[in-house]
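Peer 1: take a look and give me a structure for this.
(chains A and B)
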Amino acid sequence: MNARYPVLMLALAAAVGAAIATSGALPIAMTAEPDSTASSWKQTTPWGDPDLQGVWRYEAAIPLERPARFQGRESLTDEELEESQRIEDEQARQRLAGAEGAAVGRRSVAESPIRGNEYNSFWQDHGRPRQVLRQTSLIVDPKDGRLPYTSDARKAEARASARYGVGPYESYLDPDTGERCLTDGVTALMWQGPNGGHNRIVQSPGYVTILHEEYLDRRIIPTDGRRHGSIRQWFGDAVGRWEGSTLVVDTTINFIDRTNYEWAAIFTRPSETLHIVERFTRTGADAMEYRITVEDPATFDKPWTAVIPITRLNEGTQIYEYACHEGNYAMTNLLAGGRADAAKRSR
Amino acid sequence: MILFVVSVVSLPAALRAHHAFAAEFDASRPFKIRGTVVKMEWINPHTWLHLDVKRPDGKTERWMIEGGPPNALYRRGFTKNSLPQGAELVVEGFRAKDGSLKGNGRELTFADGRRLFVGSSGTGAPNDGKEPQGGKE
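Peer 2: As a prediction, the model looks like this:
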C-alpha cells in the first residue's frame, strides 16, 4: 500500500475545491487551529533525557522526491509558497470531501501506480491544514532530491511498482504486507497519514517507545548503551542514543527480507545491507525534525537523507485501536478480484 | 434503484488506502446507486456501509460500500448518528472486480442533496467544532 503525493496536485485540488464550493456540499466540523495547548512541554524528562513525548504525526505536503518541475531548486519561490498556502487555506475553510486528498502520499502523481481519485478525502484523515513549507522534496541529500538508486535497483523498483494493484493475487501471500494487515514497515511509522499516522512517543529510563496507530506497530528502542542484537526482525534491530537533544536511532543489518519500506514500491524488499539512522530532534513545543539517512550499497549508489517535519497534536489526542484483521474484507475481495481477472483472461 | 453509470473523469492522483484500489475494484466500472442505510460496520481497516437498493423490477439488492478507516472518520467528526438506519443515500463509486454487489464509496449524497462529509457540530467526536482549544487531529 504505497502512498504517493504530489504538490503538483494542489492547483488541481483547488479547482475541484472551488467546484465543490458551489455545489452545495456541507463543511465538516473539524477545527484545525494551531495547537495552543502543548505549552506544557518540558525540556527534559524527570530523569534528565530530552523530552519527545506526545502524539505526533507528519502533516506537511512535501513529496519525498523532488518533482521534475522543481528540478534544480530546493525551495519554493515566494509566489509558489503563497499560492500553495492559499490553496491549503481554501481547502481548510471548505473542509469538504473532495480531491484535496489526492495530494497526500509519498511521491509525485507522475510516479504513482494508481490513476484516479478513487477515494474522496472524506474517507481519509490528513490533518488540516497541512503545513505548507518551502522544501520542494523531503530528500535533502543528494542535492537533486532524488533517490540514488543503482540502475539494477531502479529496474527492480519499476517491476515491483508495476505489480501494485495488478497482482497476481493467487494466495493470501501475494498482497503486500499492509494489505495483509501486518505492517507498512519501519519508516512508515513516521510518515503515514490518512489511515492512522498517529505516533505516541513514550519514554522511560533507558527506553523510548513509539506506538503507531496503524497496524498497532510499536518500536521499543533501548537507549541504555547496549549493542545491536543478532536476531533478524521485520523492523530490524534498533539501538538508540542521545546526542545533545537529539535521539539517534541506529537500525542495522538485521532487517528481515519480508516487509516493504516507505521509499520503495510495495514489493521491494530491504536487502541485508540496509542501514537506517534516524534522528529525532524536538525543535519546539509542537514541532520535531525527523531526519532519516538510508544507506544500502545493494540498492543505492550512495546514502540519502530526508528531513521530515513532524507535528505534535493536542494533549488529549488518543491512539485508537486498529484491529486490522477484524474486518479485512479487502483480502477476500482482492483474491476474488484476482480470480475474476484470471477468468476474463482465459475467455 | 440503479440510476445510471457515470463516466468519471479521473484525476491523475493516488491516495493512500489500506490496499491497492485496483486489486479490489474496477476503475472501468463506476456505479451510482440510490439506497437506504441498513447498517454501518465500524471495523478496521475500512468501514463498510450496507445499503438496500431497490431495482426497477421491484426486487431489493443489498450493497456493501467500502469507506475510510473508522479512526479517521471519528476524528473528522463522524459518529454512529451520521448515517442513521433508513437514511436515503446516493452513492457513487467503483464496483468490485468480481462483480458482486460491493464497491468503494467515492461520493455519498443524502436524498436532499447534502453531500458527505457533514460532521455536524456537537457530535461528541474529537473534531466536532466544539472543542474550545481547536483540534489539530
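
Peer 1: doesn't A:Thr317 belong to a strand?
Peer 2: No - A:Thr317 is assigned coil when assessed by DSSP: H, G, I helix; E, B strand; the rest coil, not a strand.

Peer 1: quick one: it from A:Glu272, how far?
Peer 2: As judged by Cβ to Cβ, to the nearest Å, A:Thr317 and A:Glu272 stand 38 Å apart. Placement of C-beta: from N, CA and C, glycine included.

Peer 1: more crowded one of the two?
Peer 2: When neighbours are counted by other Cβ atoms under 10 Å in any protein chain shown, A:Thr317 and A:Glu272 differ, and A:Thr317 comes out ahead with 20 against 12.

Peer 1: tell me the pLDDT of the more buried one.
Peer 2: We note a pLDDT of 89 for A:Thr317 in this prediction.

Peer 1: that one and A:Val55 touch, don't they?
Peer 2: Yes - in this structure, A:Thr317 sits in contact with A:Val55. The criterion is Cβ atoms under 8 Å, and the distance is 4.2 Å.

Peer 1: neighbours of residue 41, just the number please.
Peer 2: With no chain named, the answer covers chain A. Counted with other Cβ under 10 Å, residues neighbouring A:Trp41 total 14.

Peer 1: I was after chain B.
Peer 2: B:Glu41 has 15 neighbours, counted by other Cβ under 10 Å.

Peer 1: so where's chain A uncertain?
Peer 2: Residues of chain A meeting the criterion pLDDT under 70: A:1-40, A:90-129, A:188-189, A:191-196, A:253-270.

Peer 1: and the helices in it?
Peer 2: Secondary structure of chain A (DSSP state H): helices at A:9-21, A:78-94, A:151-163, A:188-191, A:329-346.

Peer 1: scan chain B for its longest strand.
Peer 2: For chain B, the strand with the greatest residue count under DSSP state E is strand B:25-41.

Peer 1: for chain B, give me the ranges with low pLDDT.
Peer 2: In the predicted model, chain B carries pLDDT under 70 at residues B:1-18, B:115-137.

Peer 1: middle-most residue in it, spatially?
Peer 2: Closest to where the C-alpha atoms of chain B average out (Cα atoms, centre = their mean) is B:Gly105, at 4.0 Å.

Peer 1: the longest helix in chain B is where?
Peer 2: Taking DSSP H as the criterion, chain B has its longest helix at helix B:70-75.

Peer 1: from the chain's centroid, how far away is that one?
Peer 2: On the basis of Cα atoms, centre = their mean, to the nearest Å, helix B:70-75 sits 13 Å off its chain's mean C-alpha point.

Peer 1: pairing partners for the helix or strand following it, with directions?
Peer 2: Note on helix B:70-75: by DSSP states H and E, the next helix or strand toward the C-terminus is strand B:88-96. The pairing partners recorded for strand B:88-96 under DSSP bridges are strand B:25-41 (antiparallel), strand B:102-110 (antiparallel).

Peer 1: and those, which is most packed in?
Peer 2: Of the strands paired with strand B:88-96, the one with the most neighbours on average (mean count of other Cβ atoms under 10 Å in any protein chain shown) is strand B:102-110, at a mean of 22.

Peer 1: angle of that one against helix A:329-346?
Peer 2: 120 degrees (axes from the mean of the first three to the mean of the last three Cα atoms, to 10 degrees).

Peer 1: so B:His50 sits in a strand?
Peer 2: Yes - the assignment for B:His50 by three-state DSSP puts it in a strand.

Peer 1: so where do the strands sit in the stretch 51-200 of chain A?
Peer 2: Counting by DSSP state E, counting those that start in this stretch, the stretch 51-200 of chain A has strands at residues A:54-58, A:139-141, A:199-204.

Peer 1: out of those, flag the one nearest chain B.
Peer 2: Comparing the strands of the stretch 51-200 of chain A against chain B with Cβ to the nearest Cβ, the closest turns out to be strand A:54-58 (8.6 Å).

Peer 1: pull the CA atoms of the closest one into PDB?
Peer 2: Taking C-alpha atoms only, strand A:54-58 is exported to PDB below (Å, rounded to 0.1, in the frame of the first residue of the first chain):
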ATOM      1  CA  GLY A  54       3.400  13.200  23.000                       C
ATOM      2  CA  VAL A  55       1.300  12.200  19.900                       C
ATOM      3  CA  TRP A  56       3.000  13.200  16.700                       C
ATOM      4  CA  ARG A  57       2.400  12.900  13.000                       C
ATOM      5  CA  TYR A  58       3.500  14.200   9.600                       C
END
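
Peer 1: buried sites along it?
Peer 2: Within strand A:54-58, the residues scored as buried using 16 or more other Cβ atoms under 10 Å in any protein chain shown are A:Gly54, A:Val55, A:Trp56, A:Arg57, A:Tyr58.

Peer 1: for chain B, see how far away A:Leu247 is.
Peer 2: Between A:Leu247 and chain B the distance is 23 Å, computed by Cβ to the nearest Cβ, to the nearest Å.

Peer 1: right, I'll call it a day here.
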